[in-house]
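Colleague: From the sequence below, what's the structure:
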Amino acid sequence: MFGISIVGLLIRFIIGGIAVAAASIVAGKVGGKIGGIIATMPAVFIAAMLSLSVDHKGNDLITAGMNLSSGAVMGITSCILTVAITSVYVSKHGFKKGAAFSVACWFLISCALFTIKNL
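Modeller: Alright, predicted model coming up:
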C-alpha cells in the first residue's frame, strides 16, 4: 500500500495516538501551554523514522531518512510561522475565523517553502 508496510502504519498510528493523547491529558491537567509543548514533540517524526527502518534498508534507508529530515525542517518552519501569524489573527478576529485562517496560512506557507526549496 503506497510502499508502506502494515507494520510501518501501525508504528505511526500507535506513536501518533500516544502523542495526541498525552498532549490532551497534559493540557487538561496542567494547562494549554504545557499541552501545546507536548503536542509539538517529535513523536510523529520518530514514528516515521522507525517505520522507514521497517520499509527500507541500506542506502535507501539513508536517502529516505535524509528526505524525511529535510521535510521535517520545512514542516517545523511552516508551523512556527503559522503559529506566530495565527496568534495575531485570532486575537483580532476570534477563534472560529482563526481556526480556518490557520489551516489556510499553514498550507500557503508550506507550499511557498516547498517551492523555494525546489527552485
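
Colleague: What's the separation between Val26 and Val20?
Modeller: From Val26 across to Val20, the span is 11 Å (Cβ to Cβ, to the nearest Å). (Glycine included, C-beta is placed from N, CA and C.)

Colleague: Arg9: how many residues sit nearby?
Modeller: Wrong residue type there; residue 9 is Leu, not Arg. For Leu9, the count of nearby residues is 16 (other Cβ atoms under 10 Å).

Colleague: gap between it and Ser51?
Modeller: Here Leu9 is placed at a distance of 7 Å from Ser51 (Cβ to Cβ).

Colleague: now do Gly65
Modeller: Noted for Gly65: a distance of 11 Å to Ser51, by Cβ to Cβ.

Colleague: Mind checking which of these two has more residues around it?
Modeller: A direct count of neighbours by other Cβ under 10 Å for Gly65 and Ser51 places Ser51 higher, at 22 against 15.
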